[in-house]
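In: This is a predicted model, with the sequence first.
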Amino acid sequence: QKEVEQNSGPLSVPEGAIASLNCTYSDRGSQSFFWYRQYSGKSPELIMFIYSNGDKEDGRFTAQLNKASQYVSLLIRDSQPSDSATYLCAVKKVEAGNMLTFGGGTRLMVKP
Amino acid sequence: DTAVSQTPKYLVTQMGNDKSIKCEQNLGHDTMYWYKQDSKKFLKIMFSYNNKELIINETVPNRFSPKSPDKAHLNLHINSLELGDSAVYFCASSQDESYFGGRGHSTDTQYFGPGTRLTVL
């Protein structure tokens, strides 16, 4: 079992819809959770982080964390074609030297 | 004024050669990292390094070695290159552990460089 799992996609949504991206992790010692966006040929850039159970909203993005279920999700409201990218879920344990463990990413396609 | 920079952007070389990739950050961060992203886009940590500690992912072959001349630089040296080393290598940096509300949760952001595409022939 991979430490961080994501559906590779592609996840296709129409413009203006809500895109829902999901991530599960295996290590209950994981303490911080991150969503990165990576455009093709570019480097990952941070969208959001979350460490407490519940929802965290930032603009059109909402991160959701359920530690009991070991589940993290990212919702993108009013999806735009410019949101088309690969979304990487990452987890961190403080005792792991600040290193991030990434999932394989979900490719999102937003169609006009 | 690039925050995290890497050179070269592309590197094509023969099997068996030794090569280095350079990384520099001007953010004043204390911790730097190297990641490898393979052809399937899976991003995997290789090293975490600050002036106190080097942490090596146990799966990284000892042909790979990070070298840090100072806090702003972390170079990656690769000996005896193999075909399987072909990938995109990303450098990243972050502040030392920052504890959110004193509860021990690390939330410091890692900033990634543009990547170096290494092709081993």
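Out: Here it is on my side, so go on. What you see is a predicted model, and the numbers here were worked out from it, not measured in a lab.
In: Mind listing what's buried along stretch B:61-69?
Out: Residues of stretch B:61-69 classed as buried by neighbour count (16 or more other Cβ atoms under 10 Å in any protein chain shown): B:Phe64, B:Ser65, B:Pro66, B:Ser68. (C-beta placed from N, C-alpha, C; glycine too.)
In: Pick out whichever of those sits closest to chain A.
Out: Nearest to chain A among the buried residues of stretch B:61-69, counting by Cβ to the nearest Cβ, is B:Pro66 at 12.7 Å.
In: Quickly list what the closest residue in space to that closest one that isn't next to it in sequence is bridged to.
Out: In space, and not counting its chain neighbours, B:Pro66 is closest to B:Phe47: 4.7 Å by Cβ to Cβ, 6 or more residues apart in numbering or on different chains. Here B:Phe47 sits in beta bridges with B:Trp34, B:Ile56, going by DSSP bridges.
In: By proximity to chain A, which residue of chain B wins?
Out: Counting by Cβ to the nearest Cβ, chain B gets nearest chain A through B:Ile55, at 3.5 Å.
In: Verify the stated contact: that residue with A:Met99.
Out: Yes - counting by Cβ atoms under 8 Å, B:Ile55 does reach A:Met99; the two are 6.6 Å apart.
In: shared neighbours, these two?
Out: Listed contacts common to B:Ile55 and A:Met99 are B:Ser48; contacts here mean Cβ atoms under 8 Å, 6 or more residues apart in numbering or on different chains.
In: Please, where are all the strands along chain A?
Out: Applying DSSP state E to chain A gives strands spanning A:4-5, A:11-14, A:19-25, A:32-38, A:45-50, A:54-58, A:61-66, A:71-76, A:85-92, A:100-102, A:106-111.
In: center of chain B - which residue?
Out: B:Trp34 (1.7 Å; Cα atoms, centre = their mean).
In: quick one: contacts for that residue?
Out: B:Trp34 neighbours (Cβ under 8 Å, 6+ apart): B:Cys23, B:Ile45, B:Met46, B:Phe47, B:Pro66, B:Leu74, B:Leu76, B:Tyr89, B:Phe90, B:Cys91, B:Ala92.
In: can you pick the most crowded of the residues you listed?
Out: Using other Cβ atoms under 10 Å in any protein chain shown as the neighbour test, the contacts of B:Trp34 are led by B:Cys91, with 29 neighbours.
In: Quick check: which element contains it?
Out: According to DSSP states H and E, B:Cys91 maps onto strand B:87-94.
In: Put together JSON lines for the strands of chain A, with distance to chain B, mean neighbour count and mean pLDDT on each row.
Out: Shown next, in JSON lines, are the strands of chain A (distance: least, Cβ to the nearest Cβ, whole Å; neighbours: other Cβ atoms under 10 Å in any protein chain shown; pLDDT from 0 to 100):
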{"stretch": "strand A:4-5", "distance to chain B": "10", "mean neighbour count": "20", "mean pLDDT": "94"}
{"stretch": "strand A:11-14", "distance to chain B": "15", "mean neighbour count": "14", "mean pLDDT": "96"}
{"stretch": "strand A:19-25", "distance to chain B": "14", "mean neighbour count": "21", "mean pLDDT": "96"}
{"stretch": "strand A:32-38", "distance to chain B": "5", "mean neighbour count": "23", "mean pLDDT": "94"}
{"stretch": "strand A:45-50", "distance to chain B": "5", "mean neighbour count": "18", "mean pLDDT": "93"}
{"stretch": "strand A:54-58", "distance to chain B": "11", "mean neighbour count": "12", "mean pLDDT": "95"}
{"stretch": "strand A:61-66", "distance to chain B": "12", "mean neighbour count": "18", "mean pLDDT": "96"}
{"stretch": "strand A:71-76", "distance to chain B": "14", "mean neighbour count": "20", "mean pLDDT": "97"}
{"stretch": "strand A:85-92", "distance to chain B": "6", "mean neighbour count": "24", "mean pLDDT": "94"}
{"stretch": "strand A:100-102", "distance to chain B": "4", "mean neighbour count": "24", "mean pLDDT": "90"}
{"stretch": "strand A:106-111", "distance to chain B": "8", "mean neighbour count": "18", "mean pLDDT": "96"}
